[in-house]
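[1] Based on what follows, work out the 3D shape:
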Amino acid sequence: MAASPGTPPPATPRRKASRHRGEGQWAKGHFTPLNGNEQTKKDDDGLNVRTRIETIYAKRGFDSIDGGDLRGRMRWWGLYTQREQGIDGGKTAILEPEELDAEFFMMRVRIDGGRLTTEQLRVIGEISQEFARGTADLTDRQNIQFHWIRIEDVPEIWRRLEAVGLSTTEACGDTPRTILGSPVAGVAENEIIDGTWAIDEIQRRFIGNPAFSNLPRKFKTAISGSPQLDVAHEINDIAFVGVDHPDHGPGFDLWVGGGLSTNPKLGVRLGAWVPLDEVPDVFEGVISIFRDYGYRRLRTRARLKFLVADWGPEKFRQILEDEYLQRKLTDGPAPEQPADVWRDHLGVHKQQDGRFYVGFAPRVGRVDGTTLTKIAELAEAHGSGRLRTTTEQKMIVLDIEESQIDSVVSALEALDLKVNASPFRRSTMACTGIEYCKLAIVETKARGALLIDELERRIPEFDEPITININGCPNACARIQVADIGLKGQLVLDGEGNQVEGFQVHLGGALGLDAGFGRKVRGLKVTAAELPDYVERVLKNFQAGREDGERFATWAARADAESLS
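    Below you'll find the model as predicted:
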């Protein structure tokens, strides 16, 4: 395996340093920081900021925080400064960072594989109520996020989280982020292979490890042995997708180089089959390539997807095998097309052990501490001690006896957590938006909840799979490019020429083996006020013009501009 560097690694003396700065690749001898972010990381490892938070900042308050820590290294511990209230979206790109900062933080709790015990969920709910003004959002990376966190309270929050086996370590920053996992790993009847051991081993070996705490940008991982392809593997930096090899049995198909934001790219298969016990080593090889060869000159080109696009899958696999694994990988098959168009595990499903799991949907991932505490109590009252979060901003209660199903469903529905959800509640996703995010231009969460209500009222008979993803800025945290209807927040002009919140529309994106990015219809933008009318209109056009069995994405790819506007 590659040597484990400090900053930068001693693993690459085989190459002479070059005077040409190139892309800032360490493996080519380009160690001089080429931007402020790289200098900040060279000055001090982000992992070290925890000591300053506990011994200085939490005692002296927000004004004592060093600027490099505040807007840089604190992310290594899951902390982002929160947007100051009342600043409209027109000022997002104009004001200096310190003008956008409130004296509060978003804190992201890392939930690898989406796995929670009822005890852990109860602690999260209590922290939310005591320290976060009740806030707690489910994210599309299986995490839970608090808002309104004071720096003075951070050490106590960490103490409570870590007491039940949770943490915020590297939940943000240029680090290996939360590892996505099938929310029904080790549970589902139709599972190909359970990736839980690999998630735990990667977490043990690499999370909080200084050898991998200075990457060019964030590094996103997904591991799932579900045939439903339930972790959005196409848009992660590295993904292990469950497959059954004709000669070697169950294992994983290896994908690299996916990611969205303003320059989206789908991941590519390396054509390699990886057995479960080799997943951590292959992960180490790929993340080491990213660390050593990744582009550090421009932040906008620093994700692994750009290196993969430049090298191609054949060269990437060769370097992985020759320089990092020192062995050849086994060729393997591609995943099969999922039989179920729904991949969110919503509803009631039988487990391997004969018990059942129940998946439910809040509105656009927005919950609160009180509700989370009630979910934990509800699960325990019905014999369950385990829950899961999903990559679709949903949750699942595991291990329910058949005699308890109706009671569980009724109790969840009483909390407005839909088990038998409409397509709109089921598949509408929204990012944090301008309410708390400093990058956002428009409001998202409340608008998404309103859109769900309006569509359920206006088109109650609509029963087709449909994804509606709402993002507050161009960065695609809510995956707008791979939604049936993707809405990118921006300021637009209304009918009277006033600048108002609105959206650029992307239509016909998809994940799965037919993954692709939605099309932008020239000039198609809608104001926030017009959004329910627009979505209703385009969905009715789809109902009227689709062929038998045709999915929205396929229809949108062939429909004329008039039908889409």
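[2] Report all helices and strands that the lowest-mean-pLDDT helix or strand in the chain contacts.
    For the chain, the helix or strand with the lowest mean confidence is strand 519-527, at a mean of 85 (criterion: mean pLDDT, DSSP states H and E). For strand 519-527, the helices and strands in contact under the criterion 3 or more C-beta pairs under 8 Å, 6 or more residues apart in numbering; DSSP states H and E are strand 485-493, strand 499-507, helix 561-564. Every residue, glycine included, has its C-beta placed from N, CA and C.
[3] rerun that using 10 Å as the cut-off
    Judged by 3 or more C-beta pairs under 10 Å, 6 or more residues apart in numbering; DSSP states H and E, strand 519-527 is in contact with strand 485-493, strand 499-507, helix 531-545, helix 552-558, helix 561-564.
[4] so what's the spatially most central residue of the chain up against?
    The residue lying closest to the centre of the chain (C-alpha atoms, centre = their mean) is residue 141, at 3.1 Å. Shown in contact with residue 141 (C-beta atoms under 10 Å, 6 or more residues apart in numbering): 108, 110-111, 114, 171, 177-180, 220, 222, 231-232, 236, 389, 391, 393, 477.
[5] can you give me phi and psi for it?
    Main-chain dihedrals, residue 141, degrees, to the nearest 10: phi -120, psi 30.
[6] Turn the helices and strands packed on strand 519-527 into TSV, including mean neighbour count.
    Formatted as TSV, the helices and strands packed on strand 519-527 follow (neighbours: other C-beta atoms under 10 Å):
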stretch	mean neighbour count
strand 485-493	23
strand 499-507	21
helix 531-545	17
helix 552-558	19
helix 561-564	14
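[7] Tell me how far residue 521 lies from residue 495.
    Distance of residue 521 to residue 495, given as C-beta to C-beta, to the nearest Å: 19 Å.
[8] neighbour-wise, which of the two wins?
    Neighbour count, other C-beta atoms under 10 Å: between residue 521 and residue 495, residue 521 has more, with 19 against 9.
[9] that older thread, how about a markdown table for the helices and strands packed on strand 519-527, with mean pLDDT added?
    Shown next, in a markdown table, are the helices and strands packed on strand 519-527 (pLDDT from 0 to 100):
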| stretch | mean pLDDT |
| --- | --- |
| strand 485-493 | 95 |
| strand 499-507 | 95 |
| helix 531-545 | 97 |
| helix 552-558 | 93 |
| helix 561-564 | 93 |
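[10] mind checking which of those is nearest residue 41?
    Closest to residue 41 of the helices and strands packed on strand 519-527 is strand 485-493 (C-beta to C-beta; 29.9 Å).
[11] what is the orientation angle of that closest one with helix 531-545?
    140 degrees (axes from the mean of the first three to the mean of the last three C-alpha atoms, to 10 degrees).
[12] Within its sheet, name the partner strands of strand 485-493 and how each one runs.
    Looking at strand 485-493 with DSSP bridges, its partner strands are strand 468-471 (parallel), strand 499-507 (antiparallel).
[13] how far out from the middle of the chain is the longest one?
    If you compare the mean C-alpha spot of strand 499-507 with that of the full chain, they lie 22 Å apart, counting by C-alpha atoms, centre = their mean, to the nearest Å.
[14] swap in stretch 405-417?
    With C-alpha atoms, centre = their mean as the basis, the mean position of stretch 405-417 lies at 27 Å from the chain mean.
[15] how about that stretch: buried residues?
    Of the residues in stretch 405-417, 405, 408-409, 411-412, 417 count as buried by neighbour count, 16 or more other C-beta atoms under 10 Å.
[16] farthest pair in the residues you listed?
    Taking C-beta to C-beta as the measure, the buried residues of stretch 405-417 span a maximum distance of 14.8 Å, between 405 and 417.
[17] Does residue 512 belong to a helix, a strand or coil?
    coil (DSSP: H, G, I helix; E, B strand; the rest coil).
[18] okay but it is in contact with residue 339, surely?
    No: taking contacts as C-beta atoms under 10 Å, residue 512 lies outside contact range of residue 339: 11.4 Å.
[19] More neighbours: the two, which one.
    Using other C-beta under 10 Å, the more surrounded residue of residue 512 and residue 339 is residue 512, with 18 against 8.
[20] mind checking how far the more buried one is from residue 190?
    For residue 512, the distance to residue 190 - C-beta to C-beta - is 16 Å.
[21] do the same with residue 390
    17 Å.
[22] Give me the more crowded residue out of those two.
    Neighbours per residue (other C-beta under 10 Å) separate residue 390 from residue 190, with residue 390 holding more: 25 against 13.
[23] Give me the pLDDT value at that one.
    Confidence at residue 390, expressed as pLDDT, is 98.
[24] Assign a three-state SS to the closest residue to it other than its chain neighbours, would you?
    Leaving aside its sequence neighbours, residue 390 sits nearest to residue 183 (C-beta to C-beta, 6 or more residues apart in numbering; 4.6 Å). Using three-state DSSP, the structure places residue 183 in coil.
[25] Start the count at 250 instead of 1 going forward.
    Sounds good: first residue 250 from here, last item residue 432.
[26] residues touching residue 432, list them.
    Each residue near residue 432 by C-beta under 10 Å, 6+ apart is listed here: 362-364, 391, 473, 475, 479-480, 593-594, 606, 608, 636-641, 643-645, 647.
[27] of the strands paired with strand 734-742, which approaches residue 795 most closely?
    Nearest to residue 795, of all these, is strand 748-756, at 13.6 Å by C-beta to C-beta.
[28] Residue 422: neighbour count?
    26.
[29] Quick one, grab the pLDDT at it.
    On pLDDT, residue 422 comes in at 98.
[30] do the same with the one 4 residues further on
    pLDDT, residue 426: 98.
[31] what helix or strand does it sit in?
    If you go by DSSP states H and E, residue 426 is part of strand 425-430.
[32] Check which helices and strands that strand sits against.
    Applying 3+ C-beta pairs under 10 Å, 6+ apart, we find strand 425-430 packed against strand 350-358, helix 445-455, strand 468-473, strand 487-494, helix 528-542.
[33] Direction included, what does that strand pair against?
    Based on DSSP bridges, the pairing partners of strand 425-430 within the sheet are strand 468-473 (parallel).
[34] chain center to the partner strand: distance?
    From the chain centre to the centre of strand 468-473 is a distance of 10 Å (C-alpha atoms, centre = their mean).
[35] Mind exporting the C-alpha coordinates of it to PDB?
    This file holds the C-alpha atoms of strand 468-473, laid out as PDB (Å, rounded to 0.1, in the frame of the first residue of the first chain):
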ATOM      1  CA  PHE A 468     -13.900  12.600  -0.700                       C
ATOM      2  CA  LYS A 469     -17.300  10.800  -0.800                       C
ATOM      3  CA  THR A 470     -17.800   7.100  -0.400                       C
ATOM      4  CA  ALA A 471     -20.700   4.700  -0.900                       C
ATOM      5  CA  ILE A 472     -20.900   1.000  -0.100                       C
ATOM      6  CA  SER A 473     -24.000  -1.100  -0.800                       C
END
